[in-house]
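1. Show me the folded form of this:
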Amino acid sequence: MPRPPKWRRVQFLPEITYFKPAGVPLKQLDEVKLTVEELEAIRLKDLEGLEQEECAEKMEISRPTFFRIINSARSKIADALVNGKAIRIEGGNFKISQFVRCLKCGNVWQEISIDDKKEDIKCPSCNNKELILDDNYGRWCHRHRRRGDSDKSD
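-> So this is what the prediction gives:
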C-alpha cells in the first residue's frame, strides 16, 4: 500500500483559477491541470525569487520534493503556452497557512488549519487568546507587492 501524500503548506489561494488562450472557444481547447501546491512553488521560486531551500522550508517539504513540484509546474505551464492549452488551477495536497494577529500585543504569526484548533491558539508572545485573522498580512496584490506596502509612485 502506498504511503499517503504529505500535506504541503500554502500561503496563497488564487482568485482566478482558469486561463485560456484568447480567441479560441473553450470547447476546442485541451486543458492542463495545475495543482495549488504547484502554483505555490511557482509563486515562491519565480515570483518571490527565493532559493529552492527557502521555498521547501516555507512549504514544509524536502528540497527534492520541491524540485519535483516546481519541475512539474513549469512543464505544465510550458505545455499550455507552447501548445495553446488552457490552464486550470485546482486540487492537490495542501493546507492553508493563515496569518493571525493578537488583539492585545499586535503580534502577527502564521497558523495552519485554524478551524481545527481555534480554541487552542494563543499568542506566542503574550499567551493572549483574543485573536483575529489578518487577511491583509502576507498576501500579494496584482502588482506583486504585499498589501499595505506603500507605493511612492502612485
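2. biggest helix in the chain by residues?
-> Identified as the longest helix of the chain according to DSSP state H is helix 63-83.
3. contacts for that one?
-> 6, 8, 19, 30, 32-35, 37-39, 41-42, 45, 52-53, 55-56, 59, 61, 85-87 (CB atoms under 8 Å, 6 or more residues apart in numbering). Every C-beta, even on glycine, is put in place using the N, C-alpha and C of the backbone.
4. what packs against the top strand by length along the chain?
-> Counting residues, the longest strand found in the chain (DSSP state E) is strand 94-102. For strand 94-102, the contact count by 3 or more CB pairs under 8 Å, 6 or more residues apart in numbering; DSSP states H and E identifies strand 8-10, helix 36-42, strand 108-112, strand 131-133 as packing neighbours.
5. That one - what's its average pLDDT?
-> The average pLDDT within strand 94-102 is 79.
6. Likewise for stretch 124-142?
-> For stretch 124-142, the per-residue pLDDT averages 63.
7. What of stretch 71-91?
-> 97.
8. send the alpha carbons of that stretch over as PDB?
-> In PDB, the C-alpha atoms belonging to stretch 71-91 read as follows (Å, rounded to 0.1, in the frame of the first residue of the first chain):
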ATOM      1  CA  ASN A  71       9.600  21.000 -12.400                       C
ATOM      2  CA  SER A  72       6.100  19.500 -12.900                       C
ATOM      3  CA  ALA A  73       4.500  23.000 -12.700                       C
ATOM      4  CA  ARG A  74       7.000  24.500 -15.200                       C
ATOM      5  CA  SER A  75       6.400  21.600 -17.600                       C
ATOM      6  CA  LYS A  76       2.600  22.000 -17.400                       C
ATOM      7  CA  ILE A  77       2.900  25.800 -18.000                       C
ATOM      8  CA  ALA A  78       5.300  25.300 -20.900                       C
ATOM      9  CA  ASP A  79       2.900  22.700 -22.500                       C
ATOM     10  CA  ALA A  80       0.000  25.100 -22.100                       C
ATOM     11  CA  LEU A  81       1.800  28.100 -23.600                       C
ATOM     12  CA  VAL A  82       3.500  26.200 -26.500                       C
ATOM     13  CA  ASN A  83       0.500  24.000 -27.400                       C
ATOM     14  CA  GLY A  84      -2.200  26.600 -26.800                       C
ATOM     15  CA  LYS A  85      -3.900  24.800 -23.900                       C
ATOM     16  CA  ALA A  86      -6.000  26.200 -21.100                       C
ATOM     17  CA  ILE A  87      -4.700  26.100 -17.500                       C
ATOM     18  CA  ARG A  88      -7.000  25.100 -14.700                       C
ATOM     19  CA  ILE A  89      -5.700  25.600 -11.100                       C
ATOM     20  CA  GLU A  90      -7.300  23.100  -8.700                       C
ATOM     21  CA  GLY A  91      -6.700  20.300  -6.200                       C
END
